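1. Predicted model and sequence follow; I will ask about them next.
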Amino acid sequence: MSGIIPTFGQIDELHRKCAQSQAAYDLIHTHCQIIAQITRQLIHRQNALFMRRCTLPDDALERTGDYPTLAGERIADAIGSPEEDRFVVPPTDGVTGGMVPPRYIDVEKATVGALLHDIGTYAVLKNDGSNGEPLSFDGPRYVEHGLIGYELLLNEGYDESIAEFARNHTGCGLTREDVIDQHLPLPPADYVPVNLEQEVVMVADKYHSKSVPPKFLTASAYARKAARFGAENKQRWLELVRKYGEPDVPALAEHYHMRLVD
């Protein structure tokens with residue numbers, strides 16, 4: 001580790017430096033703050049399960065992951081006792097479900113990563129709001145924002161471990177095969193999380209959209225969106241829901257006074 005691990009103040013300064021207008025800052029910075037909040041919630045759940053790993057029954061759902069439903073869908077291969085007959089850990093910070101992680105997850109580093117993961121989206125605005133007109137994104141170029149953000153953060157002197165949060169959060173993880181098969185405007189490579197901290201941010205990012213106006217999505221809503229890119233992509237999402245559980249998205253939508261897609 002040889003680069004900068006930024007403070008929250010430095011992160012805000014970078015957002016303001018990149019934002020072409022107050023509207024752009026409000027949309028993108030607020031999104032990053034929301035994703036940081038969801039990231040913390042998911043990690044609090046993961047770390048709570050990790051702390052209980054030695055006391056959970058062998059057939060606890062948080063050990064086996066054998067949830068009968070994921071993202072609102074019945075899982076055909078669920079086995080074992082009915083869910084109502086099995087021990088279930090109460091929600092943690094609004095998050096239900098999930099599985100015991102292999103290690104404790106660094107909530108501070110993940111929060112920093114979440115606050116910076118979409119820093120590259122300022123560069124793919126089609127209308128940046130500086131003319132007073134509504135914001136819009138350049139659809140064909142939007143997928144480039146992760147790599148743009150990664151390069152921007154490195155150029156700012158940020159540590160590689162922080163810059164990777166921007167590079168590796170798109171979709172459910174873009175593989176080299178995805179880039180080639182979908183003819184994406186990216187160098188063929190894997191753009192997937194390389195550790196749990198990056199993966200949590202990628203998952204959290206799926207629960208909120210920077211659409212204009214912005215909106216929240218439940219796990220079920222994102223499953224439908226993921227399915228548009230194939231059954232394998234949808235299954236990746238369901239496995240991530242199995243692993244990390246589901247946050248209380250309706251409560252978040254109510255708190256931020258934003259639309260909820262269920």
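-> Thanks, I have it.

2. Determine the set of other helices and strands touching the longest helix seen in the chain.
-> As assigned by DSSP state H, the longest helix anywhere in the chain is helix 22-51. Helices and strands touching helix 22-51, by 3 or more C-beta pairs under 8 Å, 6 or more residues apart in numbering; DSSP states H and E, are helix 8-18, helix 107-116, helix 196-204, strand 208-209, helix 231-244, helix 249-256. Bear in mind the C-beta positions are built from the backbone N, C-alpha and C, glycine included.

3. So which bits of that helix are buried?
-> 23-25, 27-29, 31-49 (16 or more other C-beta atoms under 10 Å).

4. returning to that earlier point: can you tell me which of the helices and strands packed on helix 22-51 is most buried?
-> helix 196-204 (a mean of 25; mean count of other C-beta atoms under 10 Å).

5. Which strands border the lowest-mean-pLDDT helix or strand in the chain, and is each parallel or antiparallel?
-> When each helix and strand of the chain is scored by mean pLDDT, DSSP states H and E, strand 73-74 comes last, with a mean of 90. Here strand 73-74 is paired, per DSSP bridges, with strand 69-70 (antiparallel).

6. Quick one: mean pLDDT over the partner strand.
-> The pLDDT scores in strand 69-70 average 94.

7. Over to stretch 156-171?
-> 97.

8. Determine how far that stretch lies from the middle of the whole chain.
-> 13 Å (C-alpha atoms, centre = their mean, to the nearest Å).

9. Give me the contacts around the helix or strand harbouring Phe216.
-> Per DSSP states H and E, Phe216 falls inside strand 215-217. With C-beta atoms under 8 Å, 6 or more residues apart in numbering as the test, strand 215-217 has contacts from 206-209, 225, 249-250, 252-253, 256, 258-261.

10. try it again with 7 Å
-> 206-209, 249, 252-253, 258-261 (C-beta atoms under 7 Å, 6 or more residues apart in numbering).

11. Columns pLDDT and distance to His183 on top of those, output as a markdown table?
-> As requested, those are exported to a markdown table (pLDDT from 0 to 100; distance: C-beta to C-beta, whole Å):
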| residue | pLDDT | distance to His183 |
| --- | --- | --- |
| Lys206 | 98 | 23 |
| Tyr207 | 98 | 28 |
| His208 | 98 | 27 |
| Ser209 | 98 | 23 |
| Val249 | 98 | 32 |
| Leu252 | 98 | 35 |
| Ala253 | 98 | 34 |
| Met258 | 98 | 33 |
| Arg259 | 98 | 32 |
| Leu260 | 98 | 33 |
| Val261 | 97 | 28 |
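
12. with these in mind, which one is nearest to Phe229?
-> Lys206 (12.6 Å; C-beta to C-beta).

13. For the nearest residue to the closest one once chain neighbours are set aside, give its distance to Arg228.
-> Leaving aside its sequence neighbours, Lys206 sits nearest to Tyr222 (C-beta to C-beta, 6 or more residues apart in numbering; 4.6 Å). Distance, Tyr222 to Arg228, using C-beta to C-beta, to the nearest Å: 11 Å.
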